[in-house]
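Student: Next input, structure requested:
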Amino acid sequence: MHRSMDEPTGGAPPAGTRAHPYADDPDTRTRTDEPGQRPYADPDPGQGPDPARVDPAVLGTLLLRHGWQRRGGAQGRYGRWTPPGPAASGTSLLVPDTTGFPDSEDLLAEALTALSRSADPSARDILVALTVPSDEIRWWREVPEGTAGAADWTGADQLRTAAWQILLAGALAVRGRAGYHGARHRRKARAALDGTLVGPAPGGRGLTAFVPVAGGRDVAVQLYAALHATREAVDYQRATGGMEAFDAAVAAGVSRELTEAVVALVRGAEGAGITLAWAPAAGTPEGCPASPGPVEFSPGDLPALRLAGVRYLRDEPAVPVRITGAVVRLRRSGPRGPGVVRLRVLAGAEVAHVRIELDEEAYRIAGHAHLVGLPLRVEGRLENRGGFRRLTGASQVAPVQVDEAERDRLMKSLHENVDFFEEACSGDEG
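Tutor: The predicted structure follows:
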């Protein structure tokens, strides 16, 4: 059975990313994640914020952010809020100004119940932000009007994929600055996005991600810096023709992954943009404006973004490493000679697997290590070709002695993945 030497890739949201818990869009209820990953679904819609833990000032800030209007009330005691647009008729919330009055918690409970029943789309976003303090990242695409003002299925899926790629690019930049990350740091970057909620905007032209402050704020702050640096670098390239600004932008978190994600967001649209809003319960991050302006891109920016992606891929250097890994696959074209080994990386590099071409003696050592259940240690250079999944110039190939318990664990893991292991002479390497 043939299997690719590289780990699967895809454009679906990461395993930890969940659909909006108050979404009515069927597309957000259950989706399939990347190949080999679990599907994700929205949590119980009945789980809402606890009135006893809601800060009225935070609720007021969220209502104002989403276009609700305060229309009177006893100053210093409570305010009456109505939603934006047509939904305002017959709907209002009575929100206390503080928790210092005996009826404050009751008023908050009634306001939250009214929000959960409100027809205004912003109500569910407010409930999510109250349940889990989160920084909000919004994407939108300007596309021609479709039937009844709705976006087409392909465009909505493109928006969702691009948004996930932008989030992942931000999480990768938190792990380390690089013009091209490839397969490096991806497991930890995805872990940083665990708990992120996603929800569509009406019409399918927008999408909002709620990135929890606990564990995810670094990603939101990094994206703020990287997106603005990308915008500035594009402006510089379009004005002067020079790419120097993209080189400097790597320090701000710009990478090939981010430029490709922005290209995916803009392609086929008349324009697109991203806006960040900080969780009012957590305050404004140091060094960031309280209300960041939107970062917008147009089709005219695509040539500069594509050139930057090519430049980042070409210029990112190979990385010298000393890897320890478990042999999960062996392949060579005959009973003797060099061969190809695949290692599941245990230490030494932030990638899941690497592919190594070994001479005959090193290949024999790798085969013996696999048979006795020992990991292999090898030195070489991780090449950006293939996404930093290939090790070249392999040397110092040797099995690593481990204690009995660790050896049993490795053997169990390898037996569970025995289909990855193929003996020599079983065909050409793919």
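
Student: how far away is Arg71 from Gly253?
Tutor: 42 Å (Cβ to Cβ, to the nearest Å). C-betas here are computed from N, CA, C, even on glycine.

Student: I meant to write Gly182 there.
Tutor: 16 Å.

Student: For the closest residue in space to Tyr78 that isn't next to it in sequence, grab the count of nearby residues.
Tutor: For Tyr78, ignoring the flanking residues on the chain, the nearest one in space by Cβ to Cβ, 6 or more residues apart in numbering is Pro96 at 4.8 Å. For Pro96, the number of neighbouring residues by other Cβ atoms under 10 Å comes to 23.

Student: do the same with Gly199
Tutor: For Gly199, using other Cβ under 10 Å, the count is 24.

Student: Surely it forms part of a strand?
Tutor: Yes. Assigned with DSSP: H, G, I helix; E, B strand; the rest coil, Gly199 falls within a strand.

Student: Look up the residues forming beta bridges with it.
Tutor: Bridge pairing for Gly199 (DSSP bridges) gives the partners Thr208.

Student: ranges for the helices of the chain?
Tutor: If DSSP state H is used as the criterion, the helices of the chain fall at 56-65, 104-117, 122-131, 153-175, 186-192, 213-240, 244-249, 256-266, 302-315, 360-372, 404-416.

Student: hang on, the earlier thing: Thr259 versus the residue nearest to Tyr78, what's the distance?
Tutor: Relative to Thr259, and taking Cβ to Cβ, Pro96 is found at 47 Å.

Student: Asp106 too?
Tutor: Distance, Asp106 to Thr259, using Cβ to Cβ: 52 Å.

Student: Among the two, which residue is more densely surrounded?
Tutor: Ranked by neighbour count (other Cβ under 10 Å), Asp106 and Thr259 place Thr259 first, with 28 against 13.

Student: give me the number of residues near Ser122?
Tutor: The burial count for Ser122: 22, using other Cβ under 10 Å.

Student: again, but for Ala239
Tutor: Using other Cβ under 10 Å: Ala239 sits among 9 other residues.

Student: Just the pLDDT for it.
Tutor: On pLDDT, Ala239 comes in at 96.

Student: Kindly report the same for Leu62.
Tutor: Value for Leu62, per-residue pLDDT: 90.

Student: between Arg71 and Gly253, who's got more neighbours?
Tutor: For Arg71 versus Gly253, neighbours defined as other Cβ under 10 Å are more numerous around Gly253 (24 against 11).

Student: if I look at that one, how far off is Ala233?
Tutor: To Ala233, Gly253 is 12 Å away according to Cβ to Cβ.

Student: now swap in Phe388 and tell me
Tutor: 24 Å.

Student: Ok, Ala192 next?
Tutor: 24 Å.

Student: now Leu107
Tutor: 49 Å.

Student: Equivalent analysis for Glu360, please.
Tutor: On the measure of Cβ to Cβ, Glu360 and Ala233 end up 48 Å apart.

Student: From the neighbour counts alone, determine which of these two ranks first.
Tutor: Ala233 (25 against 12).

Student: give me every residue that touches that one.
Tutor: Ala245, Phe246, Ala248, Ala249, Val254, Ala304, Ala308 (Cβ atoms under 8 Å, 6 or more residues apart in numbering).

Student: quick revisit: which one of the helices of the chain lies nearest to Ile274?
Tutor: helix 213-240 (5.8 Å; Cβ to Cβ).

Student: Off-centre distance for the closest one?
Tutor: Relative to its parent chain, helix 213-240 has a centroid offset of 15 Å by Cα atoms, centre = their mean, to the nearest Å.

Student: same question, stretch 253-268
Tutor: 13 Å.

Student: Also stretch 377-386?
Tutor: That offset, for stretch 377-386, works out to 25 Å (Cα atoms, centre = their mean).

Student: Identify all contacting residues around it.
Tutor: Outside stretch 377-386, the residues within contact range by Cβ under 8 Å, 6+ apart are 6, 180, 182, 184, 313, 316-325, 343, 349, 351, 354-356, 362, 388, 390-400.

Student: I figured Arg177 was touching Ala251, is that so?
Tutor: Yes. Counting by Cβ atoms under 8 Å, Ala251 is a contact partner of Arg177 at 6.0 Å.

Student: Which one of those two is surrounded by more residues?
Tutor: Arg177 (17 against 12).

Student: pLDDT wise, what is that one at?
Tutor: On the pLDDT scale, Arg177 gets 94.

Student: Same question for Ala252.
Tutor: pLDDT, Ala252: 96.

Student: Which residue is the nearest non-sequential neighbour of it?
Tutor: Excluding its sequence neighbours, the residue lying closest to Ala252 (Cβ to Cβ, 6+ apart) is Ala229, at 3.7 Å.

Student: and for stretch 80-99, what are the contacting residues?
Tutor: Taking Cβ under 8 Å, 6+ apart as the rule, stretch 80-99 contacts 55-57, 59-60, 63, 66-73, 75-79, 103-105, 107-108, 110-111, 114-115, 118-120, 122-123.

Student: go again using 6 Å as the cut-off
Tutor: Stretch 80-99 is contacted by residues 56, 59, 63, 67-73, 76, 78-79, 104, 107, 111, 114, 119-120 when judged by Cβ atoms under 6 Å, 6 or more residues apart in numbering.

Student: So how do I select the buried members of those in ChimeraX?
Tutor: Selection of buried members from the contacts of stretch 80-99 for ChimeraX, criterion 16 or more other Cβ atoms under 10 Å:
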select :56,59,63,68,73,78,79,104,107,111,114,120
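
Student: Could you give the backbone dihedrals for Gly283?
Tutor: phi 80, psi -180 (degrees, to the nearest 10).

Student: And for Pro294?
Tutor: Backbone phi and psi, for Pro294 under degrees, to the nearest 10, turn out to be phi -70, psi 150.

Student: what about it, how many residues close to it?
Tutor: 11.

Student: Would you agree it is in contact with Leu276?
Tutor: No. Checked against Cβ atoms under 6 Å, the pair Pro294 and Leu276 is beyond contact range at 8.8 Å.

Student: residue closest to the middle of this protein?
Tutor: Nearest to the mean C-alpha position of the chain, by Cα atoms, centre = their mean, lies Leu168 at 3.0 Å.

Student: who touches that residue in this structure?
Tutor: The contact partners of Leu168, by Cβ under 6 Å, 6+ apart, come to Ala189.

Student: how much space between it and Trp278?
Tutor: Counting by Cβ to Cβ - Leu168 and Trp278 are separated by 21 Å.

Student: again with Arg389
Tutor: 37 Å.
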